[in-house]
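Q: just to be clear, the model below is a prediction. Sequence and coordinates:
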Amino acid sequence: MSLEDLGNIGELIAAIGVIASLVYLAVQIRQNTSNIDFNTKALRGSTYTSHLQLRNEFQDLMLQNELLGDIWMKGMYRPGALDEIEANYFRNLAFRFFHNYESLVLMHRLGLIEDELFQSLNEANSRIFVRPGLQVHWGRYRSQFAPSFQAFLDSLLLARQAAEAGTEQAAEQ
């Protein structure tokens, strides 16, 4: 065997080594991608569960304390009828509602809550948001929330108002 033959065998072994390395890397990349997909789904599920827990805790406050439930309802529909102490309770409850809502919007923006789940939760929140007492609260304290959340709720409110105006115009005709 000549020196040239040995060189050719060496190149063949090196080429086989490179191919084996590429196959190994492809398998590793596939496994890592699979792990990332699994972890992303787990994170999304956990995020959604965490948000539902926040919602449930908020609702539990109303169910476990009849006075808070009454203040919440009175504040949403007749904010001017709240006395000073009730208004303070309502303000704190409204802040909790808006912070939970802001958290939902942020988690959706980050891709941690699926569109379908976000839409259903957003629909429920937006029906609450348009209550007179929460509108008053939002008008007073909106600057205490992230600008992107302010823009989100302001656009939601404009869309609701436009829809209501369209409904009123259709009813008049």
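A: Nice, thanks for sending it over.

Q: mind telling me what element Val27 is part of?
A: Using DSSP states H and E, Val27 falls within helix 3-64.

Q: that helix packs against which elements?
A: helix 66-77, helix 84-109, helix 115-129 (3 or more CB pairs under 8 Å, 6 or more residues apart in numbering; DSSP states H and E). Quick note: C-beta positions are derived from backbone N, CA and C, even for glycine.

Q: and of those helices, who's closest to Gln53?
A: For the helices and strands packed on helix 3-64, proximity to Gln53 was assessed by CB to CB; helix 84-109 is nearest, at 10.3 Å.

Q: quick one: that closest one to chain centroid distance?
A: Computed by CA atoms, centre = their mean, to the nearest Å, the chain-centroid distance of helix 84-109 equals 14 Å.

Q: got the angle between it and helix 3-64?
A: 160 degrees (axes from the mean of the first three to the mean of the last three CA atoms, to 10 degrees).

Q: what mean pLDDT does helix 84-109 get?
A: Averaged across helix 84-109, pLDDT comes to 93.

Q: please apply the same query to stretch 119-134.
A: Mean predicted confidence for stretch 119-134 is 89.

Q: centre of the chain to that stretch, how far?
A: 14 Å.

Q: turn the helices and strands packed on helix 3-64 into CSV, columns for distance to Gln28 and mean neighbour count.
A: As requested, the helices and strands packed on helix 3-64 are arranged in CSV below (distance: least, CB to CB, whole Å; neighbours: other CB atoms under 10 Å):
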stretch, distance to Gln28, mean neighbour count
helix 66-77, 54, 17
helix 84-109, 31, 17
helix 115-129, 32, 14
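
Q: Arg140 is nearest to which of those?
A: helix 84-109 (8.7 Å).

Q: output the contacting helices and strands for that closest one.
A: Partner elements for helix 84-109 (3+ CB pairs under 8 Å, 6+ apart): helix 3-64, helix 66-77, helix 115-129, helix 132-141, helix 147-172.

Q: tell me the angle it makes with helix 147-172.
A: Inter-element angle recorded for helix 84-109 and helix 147-172: 100 degrees (by the same axes, to 10 degrees).

Q: ok and helix 84-109 relative to helix 115-129, angle-wise?
A: Using the same axes, to 10 degrees: helix 84-109 against helix 115-129 is 160 degrees.

Q: now do the contacts for Ala14.
A: If you count contacts by CB atoms under 8 Å, 6 or more residues apart in numbering, Ala14 has none.

Q: what pLDDT is listed against it?
A: 83.

Q: how close does it sit to Met1?
A: 18 Å (CB to CB, to the nearest Å).

Q: likewise for Ala163?
A: 86 Å.

Q: of those two, who's got more company?
A: Ala163 (10 against 7; other CB atoms under 10 Å).
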